[in-house]
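A.B. asks: Quick one, structure for this:
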Amino acid sequence: MDFGIWFLIGAALVFFMQAGFAMVETGFTRAKNAGNIIMKNLMDFCIGTFAFSILGAGLMLGEDKLAGLVGLPNLGMWNDFANYDWSSFVFNLVFCATASTIVSGAVAERTKFSSYCIYSLIISLVIYPIEAHWVWGGGWLSQHGFIDFAGSACIHSVGGLCALIGAIMIGARTGKYIRDDAGKVVKVNAIQGHSLTLGALGCFILWFGWYGFNGAAAQSLTELAQIFATTTVAPAFATVACLILTWVKNGKPDVSMCLNASLAGLVAITAGCQAVDYIGAAIIGIVSGILVDVAVEVIDKKFHVDDPVGAIGVHFVNGVFGTIAAGLFATSKSALGVDGPIYALIHGTSFVDGLQVLGWQFLGIFCILLWTGATITLTFFVLKKTVGLRASVEDEIKGMDLSEHGIVAYADFVPQVESIDYTGAIQVIGEVPEAEAVEVKKMDIATEVDVPSSLPQTNLHKVEIICKENMLDALKNAMNSIGVSGMTVTHVMGCGVERGRQEFYRGVAVEVTLLPKVQVEMVVSTVPVEKIVDTAKRTLYTGHIGDGKIFVYDVRNAIKVRTGEEGSAALQDAK
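C.D. replies: Numbering: from 1, shown residues only. So this is what the prediction gives:
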């Protein structure tokens, strides 16, 4: 097998992961921000290519300087095209773009696009290249056996920490946390993404691309096969662990958290994919599947850091865990051939050497996070004080698609109804001064409207039935069987919460869920209302929540436009 060709194929798979990130982030956020999410993921790679070309590649891949702290940039790609190592450049470029993409989801739906482009540039220009040089460019950590084969530390921990700091400094989405007068959070709202289908598609794309992400640097077919195995086992076990946990905890398995768990397992195995065996990969997967669920809930509900897609729990928490686990579960039976402390005891090799392997993992991830945290905090601070990080509340509520790009991503679709309470978050100022505003009075139309005495006395009734969509045909046939042939059907969205039963989205209680319903209206005169109600009840009844509701109204008059007939005569076509 020509591993030089596979090296570049792997790079192409990693590039395709940009589509996966875009789909996950889009699906886990609201429809009004879909175009903005797509644009950010596109620009991550395009801006990253520019930044990595002009400086990043030199800092990462250049001649080792300053005791392994940084590479020395050169002009090889500019003045020696024929002999420059383009395979290494392209391969490391796609990894660099991945680090900056991770940040996008955590700060989604409220970040200025201009600011996002700037700090994405800084990540690819300086932050990632320098710490990646320490591990993969011949720097000081690589000289001491630091294990990070594919990037749990260099990519996922770095991107995850940038996401955490960005989410803290930018602040939560409007309406996510309700605070009292003292500023204390008294309520956490669940803001659901608009398409789990897109989220799932993104998860599958990422998992597929991860075989290139972890396997592209393999040096033999045996090593590649082992990497493929651990890259499959860890996310699978992670997803099953999360499935069981959320099922037991919430009463139902959480779809979005299981998608996050798959990605968490992939992140956690990335550092040691060539260093651990099947058992190690399974343990790493199980822990990461539990860890991501706990982390997402704690970050949201305890620390009140708003991360719409779970990027912090997936990439930062499990990136750090995966880096440490690589040293803990490393085995000499793997392609790496090094025992960590656990397998040193099992294999009878030096336990001290095993502890040393683990110790370098702790030191390495600490230094990587220290460098990343300091530089990205400075970057965010400067942006916040100059161009600003956060979009206005008005722009946020309108949606980043309209406010930042002047588009609607789903132009041919009816916009989804918002279920978030923005009370107190935005003050709408009209053209009329408050002092001159006219007080709005409520009135009961049925009693306050002066009905002319000339209207004929009728025995008309309107029956309105709201039920599940799948019951429409049965209801229509039942009505026809008792003589009701005229009805109006409207597709509506109904909401409500079942008493004594709580639903959860990513561990946060969901207060209102909008579900598709049909509203059937009929006006009758000769068919007894009691008969209609009884027939509808018998037809729609299943004994489950959501069977529907029936409303009965008195109708003052009915006029047929074509003939001018009124009262019961107007309904003669639809008795």
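A.B. asks: use CA for all of it now, contacts and neighbours both
C.D. replies: OK.
A.B. asks: Okay, now the sheet partners of the longest strand seen in the chain, with direction.
C.D. replies: Of all segments of type strand in the chain, defined using DSSP state E, the longest is strand 513-524. Paired with strand 513-524 in the same sheet, following DSSP bridges, are strand 460-467 (antiparallel), strand 488-496 (antiparallel).
A.B. asks: got the CA positions of it in CSV?
C.D. replies: Only the C-alpha atoms of strand 513-524 are listed here, as CSV (Å, rounded to 0.1, in the frame of the first residue of the first chain):
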residue,chain,number,x,y,z
THR,A,513,-43.2,21.8,22.7
LEU,A,514,-45.0,22.8,19.5
LEU,A,515,-46.5,19.8,17.7
PRO,A,516,-48.3,19.6,14.3
LYS,A,517,-52.1,19.3,14.6
VAL,A,518,-55.1,19.8,12.4
GLN,A,519,-58.0,22.1,13.2
VAL,A,520,-61.3,21.0,11.7
GLU,A,521,-64.2,23.5,11.7
MET,A,522,-67.8,22.9,10.7
VAL,A,523,-71.0,25.0,11.0
VAL,A,524,-74.2,22.9,11.3
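A.B. asks: avg pLDDT for that strand?
C.D. replies: Here strand 513-524 scores 84 as its mean pLDDT.
A.B. asks: same deal with stretch 334-341?
C.D. replies: For stretch 334-341, mean pLDDT is 92.
A.B. asks: First-to-last residue distance for it?
C.D. replies: Chord length of stretch 334-341, first to last residue, is 15 Å (CA to CA, to the nearest Å).
A.B. asks: quick one: buried residues of that stretch?
C.D. replies: 334-336, 338-341 (16 or more other CA atoms under 10 Å).
A.B. asks: show me what contacts the closest residue to Gln519 other than its chain neighbours?
C.D. replies: In space, and not counting its chain neighbours, Gln519 is closest to Ile466: 4.5 Å by CA to CA, 6 or more residues apart in numbering. By CA atoms under 8 Å, 6 or more residues apart in numbering, Ile466 lies in contact with 517-520, 548-550.
A.B. asks: now with 10 Å?
C.D. replies: 472, 489-492, 494, 517-521, 546-551 (CA atoms under 10 Å, 6 or more residues apart in numbering).
A.B. asks: Could you give me the PyMOL selection string for whichever of those residues are buried?
C.D. replies: Paste this into PyMOL to select the buried members of the contacts of Ile466, with burial taken from 16+ other CA under 10 Å:
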select buried, resi 472+494+517+518+519+520+521+546+548
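A.B. asks: Out of the strands paired with strand 513-524, which is closest to Trp371?
C.D. replies: strand 488-496 (48.2 Å; CA to CA).
A.B. asks: just how off-centre is that closest one within its chain?
C.D. replies: Mean-position distance between strand 488-496 and its chain equals 28 Å (CA atoms, centre = their mean, to the nearest Å).
A.B. asks: Convert the C-alpha atoms of it to PDB, please.
C.D. replies: What follows is strand 488-496, C-alpha atoms only, in PDB (Å, rounded to 0.1, in the frame of the first residue of the first chain):
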ATOM      1  CA  THR A 488     -62.700  23.400   6.800                       C
ATOM      2  CA  VAL A 489     -59.300  21.900   7.700                       C
ATOM      3  CA  THR A 490     -56.300  23.900   8.800                       C
ATOM      4  CA  HIS A 491     -52.800  22.600   9.800                       C
ATOM      5  CA  VAL A 492     -51.800  24.200  13.000                       C
ATOM      6  CA  MET A 493     -49.100  23.900  15.700                       C
ATOM      7  CA  GLY A 494     -50.300  23.000  19.200                       C
ATOM      8  CA  CYS A 495     -48.300  23.300  22.400                       C
ATOM      9  CA  GLY A 496     -48.600  22.100  26.000                       C
END
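A.B. asks: mind checking which helix or strand of this structure has the lowest mean pLDDT?
C.D. replies: helix 445-448 (a mean of 39; mean pLDDT, DSSP states H and E).
A.B. asks: How far off centre is the longest strand of the chain?
C.D. replies: On CA atoms, centre = their mean, the centre of strand 513-524 falls 32 Å from that of its chain.
A.B. asks: Just checking, which helix or strand succeeds that strand along the chain?
C.D. replies: helix 529-540 (DSSP states H and E).
A.B. asks: Show the secondary-structure elements that that following helix is packed against.
C.D. replies: The elements that helix 529-540 packs onto, with contact taken as 3 or more CA pairs under 10 Å, 6 or more residues apart in numbering; DSSP states H and E, are strand 460-467, helix 472-481, strand 513-524, strand 549-555.
A.B. asks: What residues sit buried inside that helix?
C.D. replies: 529, 532-533, 535-537, 539-540.
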